[in-house]
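J.: A structural model of the following input is requested.
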Amino acid sequence: MTTVVNPIQSPCAEVHALALAHDQPCAAAARKWIMLACILASSLAFMDGTIVNVALPELQKIFSASVSRVQWVVESYQLLSSSLLLVGGALGDHYGRSRALRAGVIIFVAASVWCGLAPQIHQLIIARAVQGMGAALLIPASLSLLVSVYPADKRGAAIGTWASWTGVFAALGPVAGGWLIEHVSWRLIFFMNVPLGAAVLLFLARVSEGHTKQEKGARLDWLGATLITLSLTALLLGLLDAPAVGWFAPRVVAFLSTGFVLLIAFLWVESRQQNAMMPLRLFRSRDFAAANALTFLLYASLGGALFFLPFYLIQVRHFSATEAGAAFLPFIVLIFLFSARVGALMPRLGARLLLVAGALIASCGYALFALLTSQPGYVRAILPAVLVLGIGMTLSVTPLTTTVMASVSESESGVASGVNNAVSRVASLLAIAILGAILQATFSSRLSANLRTSTLDAAQQAEIYGQRSRLLNASLKTASPAAQQETSSMLQNSFVIGFRRVMEFSALSCVLGAVLVGSLVSGQTGHAAKNQS
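T.: Sure thing, here's the model as predicted:
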């Protein structure tokens, strides 16, 4: 590992590399600043992946948008962040992880200001895409920088600390965002990124420019980045259009076919490029392959749940935006309190046991969401599912990340981090579209059945069914209070049935992940993490 020393930035820079090897006080102090910077930087990216979810019902109302249009507010961010994460990891490895982190912060904050000022939903979608470009640098650079400055025997606890605090910010974001939406404006949820980004730059300015790996002459895999971005865009366009126009509509078939062809082209290119942003050789490791498979399944479930839960809480359960944002706080408290402890247990227990148990417990959490929809109140209907899901994810997050990082050499940690985080974000990206299609298909089917047995006349039935793409925002222009009430009940019943299907699919996804990890991950992953240098 090459250490680049800049004495202007750090009074201890001359002994920085030596102190790292011997764990001197200067190195410990530098690591604290780096830890703070990495936590805040990754929190910016993760927080904006969740905070916007609370605003979606409000954005749908303000902009009179369909569900698919509102989905793009989330999907445009996820699309760019996931497809460019692989390049982001390589940029950090080639040109310096702290430099990549600084660049990501600047892009992210500038795009956040644009989001806050956006006058219409189309501009908001574009600005969110630019935010995703910044996030593609923030996430892999923060984790790989953290891994590079902590010795192997402290790495598991450090990743646990990073994961727990990142989770705290990711969950507190929706609470703060809900309060701002309810009492001030949805625009402030983006402006609050400005002081957080400034803090990251301040923390990075207090340490040396060390732990940067530069490979002069190395080329970045822009062809791969272009192919995967176009592939995911085509797949998303097809998946989001299908519920409205049908799965066999010519444009849906064209989009999906193009997406799959481009995905195959991406894999072909990556298998032949020396500078591939997603080196397929990494997947020769069973631990790496299994951990990424579980990452995909766990975060697909979580991404879909977090997208649709605010609609359920706000529009069906009639929670305020603040209450909806706070609904997942117990989940985050569990991750915050116990992630580092789980990381410390890994050298003794290994990863496989923790990952299998975590995935199975998480599946029970989703099952409870589906089973408890008829129960009244937060404590009986929501809290049990949140707690069980929190336990499952707490057992999974740190071992999952540590398994991925332990299965590759330190020189490839940035690429591995980028691949793993890209997998998690692609999972969420596709899950929102696929689970959204499942919810809308279930909603439409149930609504059609409800309308046939309703007291509404034929014109009113056609009016409501024609608005099915708006889900719970469908309404009759002119109708008696009784008809309005009947319509509201039918819409809520249809949505709840669709919500149950989403949670059932999420539960099955986690069970599949547990089976894969139990079959493929070695029992010595925790010890490998401990001994890796």
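J.: Tell me, how many residues neighbour P250?
T.: P250 is flanked by 9 other residues according to other CB atoms under 10 Å. Backbone N, C-alpha and C define where each C-beta goes, glycine included.
J.: do the one 3 residues further on as well
T.: As a burial measure, the neighbour count of V253 was computed by other CB under 10 Å and equals 14.
J.: And for V52?
T.: Residues near V52, counting by other CB under 10 Å: 26.
J.: Okay, buried residues for the helix or strand where it lies please.
T.: Using DSSP states H and E, V52 sits within helix 25-62. Buried residues in helix 25-62, counting neighbours by 16 or more other CB atoms under 10 Å, are found at 26-27, 30-31, 33-60.
J.: tell me the contacts of G246?
T.: Residues in contact with G246, defined by CB atoms under 8 Å, 6 or more residues apart in numbering, are V252.
J.: Show the average pLDDT along the helix holding V52.
T.: For helix 25-62, the mean per-residue pLDDT is 80.
J.: you'd agree L439 is in a strand?
T.: No: the assignment for L439 by DSSP: H, G, I helix; E, B strand; the rest coil gives helix, which leaves it out of any strand.
J.: Please give the number of neighbouring residues around A225.
T.: The number of residues packed near A225 is 21, by other CB under 10 Å.
J.: for L280, that is, sorry about that
T.: For L280, the count of nearby residues is 12 (other CB under 10 Å).
J.: I'd guessed it sits against Q273; true?
T.: No: here L280 lies out of contact with Q273, judged by CB atoms under 8 Å, at a distance of 9.8 Å.
J.: After the helix holding V52, which helix or strand is next?
T.: Counting by DSSP H and E, the next helix or strand C-terminal to helix 25-62 is helix 67-95.
J.: Tell me the helices and strands packed up against that following helix.
T.: On a contact count with 3 or more CB pairs under 8 Å, 6 or more residues apart in numbering; DSSP states H and E, helix 67-95 meets helix 25-62, helix 97-117, helix 121-149, helix 222-245, helix 286-311, helix 413-452.
J.: averaging pLDDT over each of the ones you listed, which comes out lowest?
T.: When these are ranked by mean pLDDT, helix 25-62 comes last with a mean of 80.
J.: okay, now the domains of this structure?
T.: 13-211+277-449+492-531, 221-276 (automatic domain parsing).
J.: Out of these, the one nearest K477 is which?
T.: Evaluated over the domains of the chain, closeness to K477 peaks at domain 13-211+277-449+492-531, with 13.6 Å, by CB to CB.
J.: measure A406 to S445 for me?
T.: Between A406 and S445 the computed distance is 46 Å (CB to CB, to the nearest Å).
J.: Correction: the previous question concerned N493.
T.: From N493 to S445 the distance is 12 Å (CB to CB).
J.: try N193
T.: Computed as CB to CB, the N193 to S445 distance reads 40 Å.
J.: Looking at those two, which is more packed in?
T.: Using other CB under 10 Å, the more surrounded residue of N193 and S445 is N193, with 26 against 14.
J.: ok, the residue positioned nearest the centre of the chain - contacts?
T.: The chain has R425 as the residue nearest its centroid, 4.9 Å off, counting by CA atoms, centre = their mean. Neighbouring residues of R425 by CB under 8 Å, 6+ apart: G49, Q78, S81, S82, L85, Y299.
J.: Report the contact partners of the closest residue to L429 other than its chain neighbours.
T.: Distance criterion CB to CB, 6 or more residues apart in numbering; nearest residue to L429, sequence neighbours excluded, is Q78 at 4.0 Å. The contact partners of Q78, by CB under 8 Å, 6+ apart, come to G49, G132, G303, R425, V426, S428, L429, I432.
J.: Isn't I107 up against G134?
T.: Yes: I107 lies in contact with G134 (CB under 8 Å); the separation is 3.5 Å.
J.: ok, these two, which is more surrounded?
T.: G134 (30 against 20).
J.: wait, the more buried one sits on R102?
T.: No: G134 lies out of contact with R102 (CB under 8 Å); the separation is 11.0 Å.
J.: Quick check: the residue nearest to the centre of the chain vs G88, distance?
T.: The gap separating R425 from G88 is 11 Å, by CB to CB.
J.: before we move on, what about A327?
T.: Distance, A327 to G88, by CB to CB: 31 Å.
J.: The two: which has the busier surroundings?
T.: Between A327 and G88, counted using other CB under 10 Å, the more crowded position is G88 (32 against 25).
J.: Can you tell me the number of residues neighbouring S64?
T.: For S64, using other CB under 10 Å, the count is 10.
J.: What's the separation between it and G177?
T.: Distance from S64 to G177, by CB to CB: 21 Å.
J.: How about A136?
T.: For A136, the distance to G177 equals 22 Å [CB to CB].
J.: More neighbours: the two, which one.
T.: Legend: neighbour count by other CB under 10 Å for A136 and G177, higher for A136 (31 against 27).
J.: Who are the contact partners of the residue nearest to the residue nearest to the centre of the chain when sequence neighbours are not counted?
T.: In this structure, R425 finds its nearest non-sequential neighbour in S82, 3.5 Å apart by CB to CB, 6+ apart. Shown in contact with S82 (CB under 8 Å, 6+ apart): G132, A136, L232, A422, R425, V426, S428, L429.
J.: any idea which of those residues has the most stuff around it?
T.: Per-residue neighbour counts (other CB under 10 Å) across the contacts of S82 peak at A136, which has 31 neighbours.
J.: any idea how far stretch 74-87 is from the chain center?
T.: Stretch 74-87 has its C-alpha centroid displaced from the chain centroid by 10 Å (CA atoms, centre = their mean, to the nearest Å).
J.: Apologies, that question was intended for stretch 489-503.
T.: How far stretch 489-503 lies from its chain's middle: 24 Å, per CA atoms, centre = their mean.
J.: next one: stretch 320-340
T.: That offset, for stretch 320-340, works out to 16 Å (CA atoms, centre = their mean).
J.: which residues of the stretch 151-300 of the chain fall in strands?
T.: Counting by DSSP state E, counting those that start in this stretch, the stretch 151-300 of the chain has no strands at all.
J.: low-confidence ranges in it?
T.: Counting by pLDDT under 70, the stretch 151-300 of the chain shows low-confidence ranges at 167, 207-219.
J.: residue boundaries of the helices in it?
T.: For the stretch 151-300 of the chain, the helices defined by DSSP state H, counting those that start in this stretch cover 152-183, 188-191, 193-204, 222-245, 250-272, 286-311.
J.: Looks to me like T398 is in a strand.
T.: No: under three-state DSSP, T398 sits outside any strand and is assigned helix.
J.: Spit out the contact partners of it.
T.: Contact analysis of T398 by CB under 8 Å, 6+ apart lists G156, I159, G160, A163, S339, A340, V342, G343, M346.
J.: So which of those residues wins on neighbours?
T.: Busiest of the contacts of T398 [other CB under 10 Å] is S339, holding 29 neighbours.
J.: which residues touch it?
T.: With the criterion set at CB under 8 Å, 6+ apart, S339 makes contact with G160, T161, A163, S164, G167, T394, V397, T398.
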